[in-house]
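Peer 1: Sequence and predicted structure are below.
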Amino acid sequence: MTLGNKGDILYNGGFIKQVKKHHFILIFFFLIVSAFINAQTAQAIEDLLDLQAVSNQQAAWLVLEASNVSGTGIRSQTEAFRYAIEQNWLPASATANDRIRLDRLSFMIMQAFSIKGGLFYTLIGNPHYAYRELVHRNIITGRIAPGMAVSGDELLFIVNRVLSFQEANIL
């Protein structure tokens, strides 16, 4: 086999050019796909901001995305809701489109972000004490009741506070 003929792999660096071309196409493809996925996530968050009451599945999706639990392959709100039910973060009687209550959201956040609680949360481990723990840690602020529905603004505010506190190593 002689090098330099048109049929050879190394013809005038053609192999190298061909490999570079394939790498360029792959990189371009991944950039387009990631931009599309980020745009979908941004749109979903923007849609959440407009909601007066967030559903169980919407809350589960955002909490799982923010806590990186979604590395388990969860791609949709339906899958996130199912995962939250399987982990007992939401009661088995919860339905996907029901409005999430603040105490249930608190419990899901405590579980998904692996936040250690106080004495009563540690002993009893229910949504009421998860809510009280997040109020005590100043993640949930203001005069609000544990059984109230959560708006999109409130959901994003609470999740943002959790992320900020984690980054500052306060949790």
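Peer 2: The structure has been received and is ready for your questions.

Peer 1: and the residue nearest the centre of the chain, how far is that from Arg137?
Peer 2: Note on the chain: the residue nearest the mean C-alpha position is Glu65, at 0.6 Å, using C-alpha atoms, centre = their mean. Using C-beta to C-beta, to the nearest Å, Glu65 is found at 21 Å from Arg137. For every residue, glycine as well, the C-beta is placed using N, CA and C.

Peer 1: For this protein, give me the ranges with low pLDDT.
Peer 2: Within the chain, the ranges that satisfy pLDDT under 70 run 1-41, 70-72.

Peer 1: sorry, back to before: secondary structure element for the residue nearest to the centre of the chain, which one?
Peer 2: According to DSSP states H and E, Glu65 maps onto helix 56-67.

Peer 1: From the contact counts, what lies against that helix?
Peer 2: For helix 56-67, the packing partners by 3 or more C-beta pairs under 8 Å, 6 or more residues apart in numbering; DSSP states H and E come out as helix 14-49, helix 77-86, helix 102-112, helix 152-167.

Peer 1: Contacts only, for Asn126.
Peer 2: Taking C-beta atoms under 8 Å, 6 or more residues apart in numbering, we find Asn126 in contact with Phe107.

Peer 1: if you set the cut-off to 10 Å instead, what comes out?
Peer 2: Neighbouring residues of Asn126 by C-beta atoms under 10 Å, 6 or more residues apart in numbering: 103-104, 107, 120.

Peer 1: Over to it: give its phi and psi.
Peer 2: Here is the backbone geometry of Asn126 (degrees, to the nearest 10): phi -120, psi 170.
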